[in-house]
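> sequence and predicted structure below; questions after.
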Amino acid sequence: MDVDWELIAFLVLSVFEVIGSILVVVNKRLVRAAFWLAMTLVTIGVIYLLFLSEFVFLIQILVYAGAVPVLFVFGIMLTRRKIMDEATAERGP
Amino acid sequence: MNQNFPRVGGVRNDLPENFEAMCKRSIEHFLEKVKHEYPQIFHESKVFRIRTEGVGKISATEAINWGVTGPNLRACGVNVDLRRLDPYEVYEEIDFEPQVWHDGGAGDSYARFVCRFNELNESCQIILQALAKMPKTGAYRVKPPRRAEGEGYAKTEDSRGEALFFVIGDGDDRPYRVKIRSPVFCTMAATPILLRGNKLADVVSILGSVDVCVGEMDK
Amino acid sequence: MSAPLIPNLFAVCKVLTGAIIWIVQQILYALAGPVPPLKGLGDWIGSDFIVTILTWFIVVTVVVLWVSVINLFTIMWVERKLYSRLQDRYGIMISVWSLPFWPFNRTHRPTHKGMGYLQNLADGVKLIQKENITPRNADSAMFHISPVLIASSTLMVFAVLPWSSGFYVANLDLGILFILAAFSLAPLGILIAGWSANNKYTLVGGLRAAAMLLSYSIPMVLAVIALVVFTGSLNPITIVQQQDRPIVLLGTTLPIPAWYVFGPQVIGFLVFTVAMIAEMERVPFDIPEAEAELVEGWTTEYSGMRFGIVFAFKWLRMLAASALISILYLGGWSGPVFTTLSVGGIGVPIVPEEVWFVLRIYLLSAFLVWLSWSIPRVRIDQILNLGCRRLIPYSLVAILVAAGFRAIG
C-alpha cells in the first residue's frame, strides 16, 4: 500500500489549522483567542515547511508567532477595559 | 535598621576597653572607602544616576508643610539641622557642617542620597572629635531612676529626621505616658507628594532614598 | 588548524547503537530457542531502519540533553560562585561531601564546606518535591502551558546549535535564523505566564518582559543581517570556517585570527551583545523579573518544578546566547590544535574544537555574570528608550558599514 505521507501530513495540519482558526473566532476569552491565533499561524508555517520552503517557515515563526500575538494581547489589555471588567465579573477573561 | 536606642536615665553600660583604638581603626578604613570607592560605585554610575535623578521630587515648602525633616528636608535646600538650631548634649562644642543640597530646587532621590552620603564623612568627623573631647576617667553608667515623677523631654536628630521623645512618669516603675515622634512616620505621610507621578519601578528608588524603616515607623 | 574530537556525531552514535543492538540481538537469539518468534524480532531490530531511528534518539539524547544539561549545571555553578566571590562571600557549598552515606559522611569534615557543584542538583530535587500550587481564578490551561512554551522554545535552539564542526544534531543551512526564531518565541510564553496568574504584579512583569523582548529582537536581527552581508550564509559551520584564518590586511598577514569582532563588525558585535543581554533578561535588563520590586516578576505564582524549569531555563538561554555570540563574532570553535595523538590509528587532537568552544562560552558567560552583578537595574522605559532610540540606529549603521566594506572588497 503506497501511502502518500505528504497528503496525510497536509490533511492533519489543515485540520489543526482550521480548528485553531475556528477557536480564535468563537472563543469568549480574548487572551485565549490570541493564543489560538498563535497556534494557527505556527501550523501555517509548518505547512510551508511541508512545501520545502524553510526560509518562509522561519520568517513566519519569527514574525507571526513571535510578535503578532504579543501585539494582539497588548492591544486587548490596553484598550478594552470595559470588556475585561465584565469578563472578570463573570468568570475571568 | 534602627539606630536609636532610647533608655530612660541614660545608657546602661560603659564603653568597652580599647574602644577608642578600635573605633579609630574602623573609621579610618571606612573613610578610605568613602573617599575613593563609593563615589565610583554611586556618583559615577550612569545607571544609578538615571534611576535616581528627577525621581520623587518634593519641593521645600511642601516638605516643611508635611513635616519632613532630617536629610530629606536638607535635600530640598533647606538648612535645618536640629543639632545646629537647638543644640542638645555636646553638639555646641563639636565643629561640623550640616550637609545641604546647594543646588536649590531639587528634592529628588539623588539629592537625598547625596546629602546622606556626605553625612557619612561628617559623622565620622563628629565621632573623632567626640572621642578626643571625651573625659578619660569616670564612669558613664547612670543608675536608672526607678520611680520618677514628672515629665522628661529629649530630642535628637536621627539619621532619618527629628525624633522627639516625651515621657511622663508618676512614681511607678513604668512611665505613665510615652510619646515618640517617629521621623519616618511623618515622612511617609508625605507619600502622596513623593510617589504620585512616578512609575511603579521608582517606588524602590524613592522609598530607599527616604530610608524607610518599618519598625521605626511603627512606634 | 582546528580539529574536532568527534568529526561525525552520527557515525559515532551509529557504532554505539550498533553495539547495543548487537547485545540485545544476542540475548534475543539465545532466548529464541524456547520461543521461536523472538528470532524474527531479533532480525527486525537489526534492520537498518531501526538502527537509524535509535541512532537519532541517541544523538538527540546525547547532544541536546546531556551536553546541554551538564553545561547548564556548570554554568549555574560558575555564576553562583562567581557572584558570591565578587561579593566577598563563599557562595554555594553543597557538594558530594554533603551526601549522607559512606564514604562521604566523614564526621570530621563539615557537610557544608564543599565546592558547591551539586547545589543546583539539590535545588532541583527540592523543587521537585514541592507542591504545585495553581492560584484561584487563574487561567488554568494557559498557566500550565506557558512553562512548556518557554522550555520548548529554549530547547529547540540546541537541536541546531553545533558544538564543533562534527558535533551537532542537524546542520541547517538556515541555522542562525532558526535560533533567532526560537529566541523570538519566548515573549509569547512569558506574556501568557504573566497574564494567566491572576496577579496584577505578574501582569506588570509580563507586559514589561514582552515589550522589552520584542523591541530588542529588532536590533538583534539587524545585527545578524549586517553579519550576513559579510558571510553570505546562515550556516553556523560555514560562518566559523570563514573565521578560521588569519587576517590579511593590505597584503600583509597579521597573526590575529579573522574573527568578525576584529573587523568592521565590531559595532554589530556590541549591538548584538547588548540585545542578547536583554533577551536573556539579565541585569541590567532584568526589570521583568525585578526581585526587589515585583517579588519574582512574571514567575511569582509558579511553585515547585514549574518555577524550577522557568528559572533554570534562563541560564540555558544564557548558554545558547553565549554560544551564538561566540559562533557569530568570536570565531566559534576555531583554535590551534597543539598536537595530535594517534590512538589506534585514529588521530585524536589534544585541544579539540569542542574545548575551544566551551572555553569561549564560559569566558563570555563569566564576563556577562560580572557585568550583571556590577550594574544597577535600568527602568523599563529607559530600557525601551535605549533599545529603540540608540540600538536600532547603531545596527543600521552597522549594516551600512558592512555593505560599504563589502562593496570596496
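Yep, it's here. Numbering: from 1, shown residues only, chains lettered A, B, ... in the order given.
> what about the residue in chain B that chain A sits nearest to, distance to residue B:56?
In chain B, no residue comes nearer to chain A than residue B:200, which is 15.6 Å away by CB to the nearest CB. From N, CA and C alone the C-beta is placed, and that goes for glycine too. Distance of residue B:200 to residue B:56, given as CB to CB, to the nearest Å: 13 Å.
> these two: who's more crowded?
Higher neighbour count among residue B:200 and residue B:56: residue B:56, with 27 against 15, using other CB atoms under 10 Å in any protein chain shown.
> and the gap between the closest residue to the more buried one other than its chain neighbours and residue A:22?
Take residue B:56 and drop its neighbours on the chain: the residue closest to it by CB to CB, 6 or more residues apart in numbering or on different chains is residue B:206, 3.6 Å away. Noted for residue B:206: a distance of 50 Å to residue A:22, by CB to CB.
> and residue B:55, by the same measure?
49 Å.
> got it, and residue B:186?
61 Å.
> tell me which of the two has more neighbours.
residue B:186 (19 against 12).
> host element of the more buried one?
Here residue B:186, judged by DSSP states H and E, is contained in helix B:183-188.
> dump the helix or strand following that helix to CSV, restricted to CA.
Counting by DSSP H and E, the next helix or strand C-terminal to helix B:183-188 is helix B:191-195. Only the C-alpha atoms of helix B:191-195 are listed here, as CSV (Å, rounded to 0.1, in the frame of the first residue of the first chain):
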residue,chain,number,x,y,z
THR,B,191,4.0,59.9,50.1
PRO,B,192,1.1,61.4,48.1
ILE,B,193,3.6,64.0,47.0
LEU,B,194,6.6,61.8,46.7
LEU,B,195,5.1,58.9,44.9
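> in helix B:191-195, which residues are buried?
B:191, B:193-195 (16 or more other CB atoms under 10 Å in any protein chain shown).
> what's the answer for stretch C:92-101, then?
Quick answer for stretch C:92-101 (16+ other CB under 10 Å): C:92-95, C:97-98.
> give me the distance from that stretch to the chain's centre.
How far stretch C:92-101 lies from its chain's middle: 27 Å, per CA atoms, centre = their mean, to the nearest Å.
> again, but for stretch C:95-105
With CA atoms, centre = their mean, you get 31 Å for stretch C:95-105.
> let me know the average pLDDT across it.
Summarised as a single mean, pLDDT over stretch C:95-105 is 76.
> gap between the two ends of that stretch?
Stretch C:95-105 has an end-to-end distance of 12 Å (CA to CA, to the nearest Å).
> run a quick neighbour tally on residue 18.
Unless you meant another one, I'm taking chain A. 12.
> hmm, I had chain C in mind actually
So residue C:18, with other CB under 10 Å, has 14 neighbours.
> wait, it touches residue C:54, no?
No: contact criterion CB atoms under 8 Å: residue C:18 and residue C:54 do not qualify, at 9.3 Å.
> ok, residue B:73 to chain C distance?
Taking CB to the nearest CB, to the nearest Å as the measure, residue B:73 and chain C are separated by 26 Å.
> what does residue B:208 give?
9 Å.
> element containing that residue, please.
helix B:202-210.
> nearest residue to the one residue in chain A that gets nearest to chain B other than its sequence neighbours?
Going by CB to the nearest CB, chain B is nearest to residue A:77 of chain A, at 15.6 Å. In space, and not counting its chain neighbours, residue A:77 is closest to residue C:207: 7.0 Å by CB to CB, 6+ apart.
> one more: residue C:314?
residue C:281 (6.4 Å).
> residues contacting that neighbour?
C:209, C:212-213, C:288-289, C:314 (CB atoms under 8 Å, 6 or more residues apart in numbering or on different chains).
> for those, which one is nearest residue C:12?
Within these, proximity to residue C:12 (CB to CB) peaks at residue C:314, which comes in at 31.7 Å.
> could you give me the average pLDDT of the strand or helix carrying that closest one?
Assigned by DSSP H and E, residue C:314 belongs to helix C:305-328. The average pLDDT within helix C:305-328 is 91.
> and what of stretch B:117-133?
For stretch B:117-133, the mean pLDDT works out to 88.
> which residues sit against that stretch?
For stretch B:117-133, using CB under 8 Å, 6+ apart, the contacting residues are B:20, B:23-24, B:27, B:30-31, B:34, B:38, B:42-43, B:71, B:90, B:93-97, B:99, B:159.
> again, only using 10 Å
Residues from elsewhere that reach stretch B:117-133 (CB atoms under 10 Å, 6 or more residues apart in numbering or on different chains): B:15, B:19-21, B:23-24, B:26-28, B:30-31, B:33-35, B:38-39, B:42-43, B:70-71, B:74, B:81, B:83, B:89-91, B:93-101, B:159.
> same question for stretch B:169-182.
B:2, B:4, B:6, B:8, B:67, B:69, B:144-155, B:158, B:160-168, B:188, B:213, B:215-219.
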